[in-house]
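1. Any chance you can model this:
(chains A and B)
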Amino acid sequence: METLGYLIDGFGVALAPHNLMFALLGAFLGTLIGALPGLGPANGVAILIPLAFSLGLAPETALIMLTSVYAGAMYGGRISSILLNIPGDEPAMMTCLDGYPMAQQGKAAEALAISAVASFIGSLVATIGLILLAPLLAKFALTFGPAEYFALFLLAFATLGGITGKNPMKTVVAACIGLMIATVGIDNTGVQRYTFGVLELYEGVDFIIAIVGLFAISELLFFIEERAGGGKAKMTVNKLSLKWADIRNILPSSLRGGVLGFIAGVLPGAGASLGSFIGYTLEKKVVGKKGYFGAGDPRGVAGPEAGNNGASSGALVPMLTLGVPGSGTTAVLLALLISLNITPGPLMFTQNADIVWGVIAALLIGNFLLLLLNIPLVGIFVKLLSVPPMFLLPVVTMIAFVGIYSISNTTFDLYFMVAFGVAGYIFRKLEIPLVPIILGLLLGPEMEKNLRHAMDISDGDWTILWNSGLAIGLWVFAGLGLILPYVVGPLLRRRMKVTTGTGGPEGD
Amino acid sequence: MNDRIFGILLIALAVAYGWGATQLPAPFGGSEAVGPETFPLLLSVVLVLSSLYLIVRPDPDNAWPWSRTGIELVIAVVVLVLYAALLQPLGFILSTTLAVGTLCWRMGSAPVRAYLTGGVSGVVVFLLFNFALDLALPLGVLSFLEVG
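-> Now for the predicted structure:
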């Protein structure tokens, strides 16, 4: 019942008027970002972090706004899936299967409303799961020593590519690159490493600059290469005629999807893409021949939508309790925490209880806000969706510039950001995943610190790293995380390809 | 082929990085079990091994945009670098008009609309930042417009 007390305090934080306002703003911006093709939740949060910083928001306010952006982006992804058959991000892919046929049958408004309700239920289920599971996991994590933490970080890297990921060795390469960048600067013992005497590098590479460069700038370059073209077909949304029976019809699908999604989100390496995929496949199995999946069955919209929103809340569990994010977007949120001087992990639940529970409460409130925003305002989002990307992407890039510039007021950071953008473009071309690079940058200092502590305890005996049952377990799972993609990956990818008719998802 | 070349570059990087680690001065107060060089050395070993794998078993290549698209990409990067360089001397509004306008134009918009978009977004963001959010963006050559 301790939890309930904390949660009530959390509501106190989240319901403060200015926090509520930023939650609303975040939910709105997030939905917009999610709806625009090419800008996923990770991108959206990455671009808005510098802004949150330069505004000098209080930690909980910044965090509340950005979790709302995150939740909103997961909601928004479905709009272009349903109306244009173009998923805004990968988890939204499964929504195309039945959402677009519904729209073609003149039931776009119903599809959008159903997906909003399902997203809401999925998030709600997962947030309740988060409330129940996170404190337990945090308590368990308190038994971790430095050696266990070191192994945990390895596990995080090993599973980050996800079981659907393509080449796990590239995840290792990416993690190494990130960790190497993290060693730049003055280390714990006061020695300068790889600074080459450049003053700006003494404090290391700012990961916010790296994140914005890798995500936002490389997205612009990618768009130029692919040139998706300007004008899009005009979309119209019919008048909504949703009956209570329709909602009852999708309720079981949404609940199932939410639970599955939550599990997929908590498990390392799975994430929202898998959440929506299994949400859809389960629905097809459960409903069986009675359904008309692929031809506009509302349950085919509800299942994956609940799944991907459940997964996005589930992914917050390892991020908040262990300091180990399970997806790209949660990695970006982790960056925010670290730069606010909050060390995520089990101690956060005691040391920064107000922040953790404020954020969890804000997630609940955010979902209500999103439901309220989404049903009446969907017309506005649809209108904004028709802004051609050739105008949109340059403006978004400019906002990234402004955000970074207003943190430090120097142009050095901007050159750095562009360099990261070019590197990000090359990496993406080579299919080197970007998220492990970010994670390496974020976790590098902690990882080295834990290695150092472990060795101090053991007096330089390396075997301490695999001396406890827990540590061995983590090493084994990390090993599995690297081997499984070779075995299971191709199989799973083929199945997703068969279901969606496109390439397999690669995390979110 | 891409992966092979990249792998070779990475090995070179790992070796240089590892060599750099051995050159680090011993920390004040004598050496410890884990010095400043230990972690970087571990990383360079792991990177060499994983890059070797890329060289031995490369993935199929993605095509690089050589022809015109490549030039467009170079133009975009040049625009971004110039934007960073001109932000302070030229001021936010003018440099944004130029940068956003050029990007929109190169991405296929008609020039007038492109620079109009750049100008409008520059002015709007400038006003928003300087007045609503209280964050000063440089005015540059337009600084004579400054009030008070």
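
2. So for chain A, the centremost residue is which one?
-> The residue lying closest to the centre of chain A (C-alpha atoms, centre = their mean) is residue A:329, at 2.6 Å.

3. Provide a list of residues in contact with that one.
-> Residue A:329 makes contact with A:40-42, A:45, A:70, A:73, A:312, A:315, A:508, according to C-beta atoms under 8 Å, 6 or more residues apart in numbering or on different chains. C-beta: built from backbone N, CA, C; applies to glycine.

4. Ok, residue A:423 next?
-> Each residue near residue A:423 by C-beta under 8 Å, 6+ apart is listed here: A:213-214, A:218.

5. Residue A:63: how many residues sit nearby?
-> 24 (other C-beta atoms under 10 Å in any protein chain shown).

6. The closest residue to chain B within the stretch 51-200 of chain A: what secondary structure?
-> Closest residue of the stretch 51-200 of chain A to chain B, C-beta to the nearest C-beta: residue A:189 (3.5 Å). Here residue A:189 is recorded as coil under DSSP: H, G, I helix; E, B strand; the rest coil.

7. so it makes contact with residue B:37?
-> No - between residue A:189 and residue B:37 there is no contact under C-beta atoms under 8 Å: 10.3 Å.

8. Looking at these two, which has the bigger crowd around it?
-> Set residue A:189 next to residue B:37 and count neighbours by other C-beta under 10 Å: residue B:37 wins out with 22 against 18.

9. Pull the contacting residues for the nearest residue in space to residue B:39 that is not next to it in sequence.
-> Once flanking residues are discounted, residue B:39 sits nearest to residue A:448: 4.5 Å by C-beta to C-beta, 6 or more residues apart in numbering or on different chains. Residues counted as contacts of residue A:448 (C-beta under 8 Å, 6+ apart) are A:183, A:187-188, B:34, B:39.

10. mind running it again at 10 Å?
-> By C-beta atoms under 10 Å, 6 or more residues apart in numbering or on different chains, residue A:448 lies in contact with A:150, A:153, A:179, A:182-183, A:187-188, B:34, B:36, B:38-40, B:42-43.

11. hang on, the earlier thing: and which of the contacts of residue A:423 is nearest to chain B?
-> Nearest to chain B among those is residue A:213, at 10.0 Å by C-beta to the nearest C-beta.

12. For that closest one, which residues are in contact?
-> Each residue near residue A:213 by C-beta under 10 Å, 6+ apart is listed here: A:46, A:400, A:404, A:413-414, A:416-425.

13. Looking at the residues you listed, which is nearest chain B?
-> Nearest to chain B out of these is residue A:414 (C-beta to the nearest C-beta; 3.7 Å).

14. State the next helix or strand along the chain beyond the helix or strand containing the closest one.
-> Residue A:414 belongs to helix A:412-429 when assigned by DSSP states H and E. Note on helix A:412-429: by DSSP H and E, the next helix or strand toward the C-terminus is helix A:435-458.

15. what is the rounded mean pLDDT of that next one?
-> Average pLDDT, helix A:435-458: 86.

16. ditto for stretch A:189-206
-> 82.

17. How much space separates residue B:1 from chain A?
-> Distance of residue B:1 to chain A, given as C-beta to the nearest C-beta, to the nearest Å: 11 Å.

18. rewinding a little: what angle do the helix holding residue A:414 and helix A:435-458 make?
-> Here helix A:412-429 runs at an angle of 100 degrees relative to helix A:435-458 (axes from the mean of the first three to the mean of the last three C-alpha atoms, to 10 degrees).

19. for chain B, what spans make up the helices?
-> B:2-22, B:38-56, B:68-90, B:92-106, B:111-127 (DSSP state H).

20. most tightly surrounded among those?
-> The highest average neighbour count among those, using mean count of other C-beta atoms under 10 Å in any protein chain shown, belongs to helix B:92-106 at a mean of 23.

21. tell me what that one is packed against?
-> helix A:218-226, helix A:389-408, helix B:68-90, helix B:111-127 (3 or more C-beta pairs under 10 Å, 6 or more residues apart in numbering or on different chains; DSSP states H and E).

22. Among those, which comes closest to residue A:338?
-> helix A:389-408 (14.7 Å; C-beta to C-beta).

23. relative orientation of the closest one and helix B:92-106 in degrees?
-> 150 degrees.

24. if we can go back for a sec, out of the contacts of residue A:448, flag the one nearest to residue A:104.
-> Nearest to residue A:104 out of these is residue A:153 (C-beta to C-beta; 47.4 Å).

25. Tell me the buried residues in the helix or strand hosting the closest one?
-> Following DSSP H and E, one finds residue A:153 within helix A:146-160. By neighbour count, with 16 or more other C-beta atoms under 10 Å in any protein chain shown as the criterion, the buried positions of helix A:146-160 are A:146-160.

26. from the middle of its chain, how far away would that helix be?
-> The chain centroid and the centroid of helix A:146-160 are separated by 19 Å under C-alpha atoms, centre = their mean, to the nearest Å.

27. quick check: mean pLDDT across that helix?
-> Averaging pLDDT along helix A:146-160 gives 84.

28. Just send the helices and strands packed on helix B:92-106 back as TSV, with distance to residue B:47 and mean pLDDT too.
-> Shown next, in TSV, are those (distance: least, C-beta to C-beta, whole Å; pLDDT from 0 to 100):
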stretch	distance to residue B:47	mean pLDDT
helix A:218-226	22	84
helix A:389-408	28	84
helix B:68-90	27	91
helix B:111-127	41	91
